[in-house]
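**Q** Provide a 3D model corresponding to the input given below.
(2 chains)
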Amino acid sequence: MSLLRQVALGVAGLVVLGLSGCANPPGKPGPGPEVVNPDSIADFAVLYKANCAGCHGFDGKGGAAIALGDPVYLAVADDAVLRRVATEGVPGTSMPAFAKSKGGMLTEKQVEIIAHGIREKWAKPDVLRGADPPPYAATTAGNSSRGADVYTIFCASCHGIAGKGGKASSIVNGSFLALMSDQELRTIVIVGRPELGAPDWRGNVPGKSMSAQDVSDVVAWLASQRAQFPGEPYPQTDKSTGGTR
Amino acid sequence: MRLIETIGKWLDARLQIGETIRETAEHSVPRDTASWFYVFGSAALVVFMLQIATGIMLALIYVPSAGQAWNSLQILNHSITLGWFIRGLHGWGSDFMVAIVLIHMVQVFLFGAYKYPRELTWMVGVLLLLVTLGMAFTGQVLRFDQDAYWGLGIGVSIASHVPLMGSWIVSLMLGGPIIAGATLTRFFALHVFVIPGLLIGFVAVHLLMVIKLGINEWPMPGRIVRKATYVKEYHELTKKDGIPFVPAAVWKDMFFSGAILLAVAACAIYFGPFGPSGQPDPTIIQTAPRPDFFFLWLYAVLSFLPPSMETPAMLIGPVVVIGGLLLLPFIFGEGEKSWKRRPIAVLTILLVAVALGTLTHLATYTPWSPVMDAWSSLPIPAEYLHNRSALERQGALVFQVKQCHNCHSLDHEGGKRGPALDAVALQLTDDQLIRQVIQGGGNMPAYGKNLSPAETTALVSFLKTLHPEGRPPARDAALAHAAGSVAPATHP
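**A** Residues are numbered from 1 along each chain as shown, chains lettered A, B, ... in the order given. Below you'll find the predicted structure:
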């Protein structure tokens, strides 16, 4: 092929490429500004991904924290709870406050969009099929000594004697309990951690659901296991052989 | 045709420049210079003309006021027919212009064209590079988005390092102590009047010298430049083996310039205009501003400079580089022109190219910057949470909420500021992990005051799980020995 012919072909190719972009040019900016003001973001998927996915998982599950996409959880916790927790966080635990009024980065409206979006996306109205779960917040005070018995009946088969671990891990570790609020313990006792294999209040013992009082009592027992000074790094070290530490 | 000819003759009878133009166009140039290596200077000029044309069009709509600049770019992008395309042409034209000027400079350097008698042509060329970069920087500021705002902030901080005159320069640049309305007006004046004026003046001088001194001949190994004989030799060369610039050499320039214009247009169509990114509001902190492409290397350099080196490097560096470039033709004004006999020149170009390329590449993903939203947007990989105890999962949450993920990556996701922690348990024992978390060190801040003992314990218990399967985590041999689990080491 002569040089002239190659050049002509090249130019023709460029022109065709140029014209192909004219009908619907890919570089034409889409509607709205390229970067939206962070306060104006109103898309649930964007807000959830940026603020919640880190701990609660991309799809409302698979994160280290409780699965917000668990329909049982959403049937037990109402909108007010979702909104309050997202706004204020839970002091003492790893849930920070997200609302600007509490030192976070989100507007009140964005918190509302997140709370609403979580329910709209993952809630299933008929998930409980008429079952009546224990209330989200405790209505009666728990009795920790009765709670020890409740624990033995409903929990010990997995979490071991006195909660020190069995098939599932210890739940009386001082540091663990220090980072869990009573409400968080209660919520998990009620709704379980389905993605980790922990059943909800109905499934611990086949055919025998936990009552609201059972739940309050076992949470009271767990709370009574809290350590006075959690976080001692050498709980099992024998001081006589471990030297002065 | 006849009408045009009549008008032409009428004009020339009065202007008397037709002969000069014809002579200039047809002046004899060495045959070898009709080469594809000699097209970059003219292409830079053509792109500059494109910049003038598109720049005038943009100036019709653009409002150089801090309150309205960003909005006027939105209008250009969305409301004016093909406004986005003109912005694209201007933006891409800017990148192409800097690129072509740099390539032109490399070609001139490697071909020894800066040597006698073209020293001043080179020096004006260096000034042209500086004003071209000045155009690129001021143009970026006129975009007045988050990148521009913070880019300007950094530019001014650099200027403020100048001893004695620092604060004066800052207020000269910004029109006051802060970036405000007066700032943008100043940069508009710079970008539209001052720097283009300089650019046009320098181009005129540069071109005049190219025509008067002749285009640099193709360098031949062994053909030595000597001040005493060079001019005579060059004239002999053009007389013996010369061709008229028009049309013998010019068609390659025209063809290349045309291709560059098409490439600029293609980039504008396919990739669109640059920004504007977010609104220039310093209260919006959810932003990671970065400069335009040709300043990325500088961004990387400034990020890597240790604080104690900042002032000397920023003040001495430019003087050395610009001074070196300006003095180059005086230091190496004679001798070999061919790159084949100038290995140090070739190595210099390679070194500079690799350095700038590496720095630019680094600046595209800024490993030195924490990823500020990693903690809340990047979950811990599922396999790192599989079969973990309740305490370890709490530790994973502490890892997120205390923003460890912003600096430390897990499974390649997250910040690159600190080391990846996928196998941290192989490297640090429990005690070392606790110490590192609490006291920091090695560029890591101390977190002791921000973590309760329970949080530290949970976090460390999670970190202890971070090791590849089948490889046991590091352990304190003394502690293990004290606990009686290992036999003491035997010494001969």
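**Q** wait, doesn't A:Gln213 sit right on A:Thr140?
**A** Yes. Using C-beta atoms under 8 Å, A:Gln213 is in contact with A:Thr140, at 6.3 Å. Just so you know, the C-beta spots here come from the backbone N, C-alpha and C atoms, and that holds for glycine as well.
**Q** neighbour-wise, which of those two wins?
**A** Set side by side, A:Gln213 and A:Thr140 show more neighbours around A:Gln213, with 18 against 11, by other C-beta atoms under 10 Å in any protein chain shown.
**Q** phi, psi for the more buried one please.
**A** Backbone torsions for A:Gln213, taken as degrees, to the nearest 10, come to phi -70, psi -40.
**Q** B:Val246 versus B:Ala34, what's the distance?
**A** 11 Å (C-beta to C-beta, to the nearest Å).
**Q** who's more crowded, these two?
**A** B:Ala34 (19 against 16).
**Q** now that one: phi and psi?
**A** phi -80, psi 70.
**Q** any idea of the pLDDT on it?
**A** B:Ala34 is assigned a pLDDT of 90 by the prediction.
**Q** isn't it right up against B:Lys252?
**A** Yes. With contact defined as C-beta under 8 Å, B:Ala34 counts as touching B:Lys252 (6.4 Å).
**Q** where are the low-confidence patches of chain A?
**A** A:1-3, A:14, A:17-22, A:233-245 (pLDDT under 70).
**Q** how's it carved up into domains?
**A** Each domain of chain A is listed here as a residue range: A:42-122, A:144-224, per automatic domain parsing.
**Q** near chain B, anything from the last one?
**A** Which is domain A:144-224. Yes. Residues of domain A:144-224 contacting chain B under C-beta under 8 Å from any C-beta of the partner chain: A:165, A:168-171, A:173-176, A:178-180.
**Q** is chain A contacted by whatever helix or strand B:Met105 lives in?
**A** Taking DSSP states H and E as the criterion, B:Met105 maps to helix B:83-110. Yes. Part of helix B:83-110 sits near chain A under the criterion C-beta under 8 Å from any C-beta, namely B:84-85, B:88.
**Q** which one of those residues has the most neighbours?
**A** B:Gly88 (27 neighbours).
**Q** that residue - nearest residue in space that isn't next to it in sequence?
**A** B:Ala268 (3.0 Å; C-beta to C-beta, 6 or more residues apart in numbering or on different chains).
**Q** ok, that neighbour - contacts?
**A** Applying C-beta atoms under 8 Å, 6 or more residues apart in numbering or on different chains, we find B:Ala268 in contact with A:27, B:85, B:88-89, B:91-92.
**Q** chain center to the helix or strand it falls within: distance?
**A** In this assignment (DSSP H and E), B:Ala268 forms part of helix B:250-271. Taking C-alpha atoms, centre = their mean, to the nearest Å, one finds helix B:250-271 lying 22 Å from the centre of the chain it belongs to.
**Q** pull out the buried positions in that helix.
**A** B:250, B:252-253, B:256-257, B:259-261, B:264-270 (16 or more other C-beta atoms under 10 Å in any protein chain shown).
**Q** quick one: it to helix B:83-110, angle?
**A** 140 degrees (axes from the mean of the first three to the mean of the last three C-alpha atoms, to 10 degrees).
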